[in-house]
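Q: missing the sequence, but the structure's below:
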């Protein structure tokens, strides 16, 4: 005797529901904003270099500190995620990215840019 296969077509349990697509769209939006914050220095390299009277290598180091911060931060944030869950990490990341961008907007030195991008945007925000 073969076991009977029952297919339940319940929109709440189906992965292809309106809620699933809505959740995927929101996740894409959040990921795009986060990725945009990280790569903004690389995209705006020439205007930033001109505005600050720096060489392009000096500005590229800011992006480098962001990537190093993201690498180190992901190791630490992963441990915190295991202990406290996703919500608190998402909240911390969004707030630190916002604060990092505000600090970078009002920065008066390259050290401030390195710290805001490396620690807040790359390390905690990414």
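A: Arrived safely, thanks for sending. All values derive from a computational prediction rather than experimental measurement.
Q: In three-state terms, how would residue 54 be classified?
A: Here residue 54 is coil, with the state taken from DSSP: H, G, I helix; E, B strand; the rest coil.
Q: so what's it closest to, chain neighbours aside?
A: Once flanking residues are discounted, residue 54 sits nearest to residue 110: 7.0 Å by CB to CB, 6 or more residues apart in numbering. No exception for glycine: its C-beta is placed from N, CA and C like everyone else's.
Q: which ones are touching the one you found?
A: 52, 54, 58, 62 (CB atoms under 8 Å, 6 or more residues apart in numbering).
Q: go with 10 Å
A: For residue 110, the contact set (CB atoms under 10 Å, 6 or more residues apart in numbering) comprises 48, 52, 54, 58-59, 61-62.
Q: what does residue 123 give?
A: 65-66, 68-74, 76-77, 93, 96, 100, 115, 117.
Q: repeat that with 8 Å
A: 69-70, 72-73, 76, 96 are the contacts of residue 123 under CB under 8 Å, 6+ apart.
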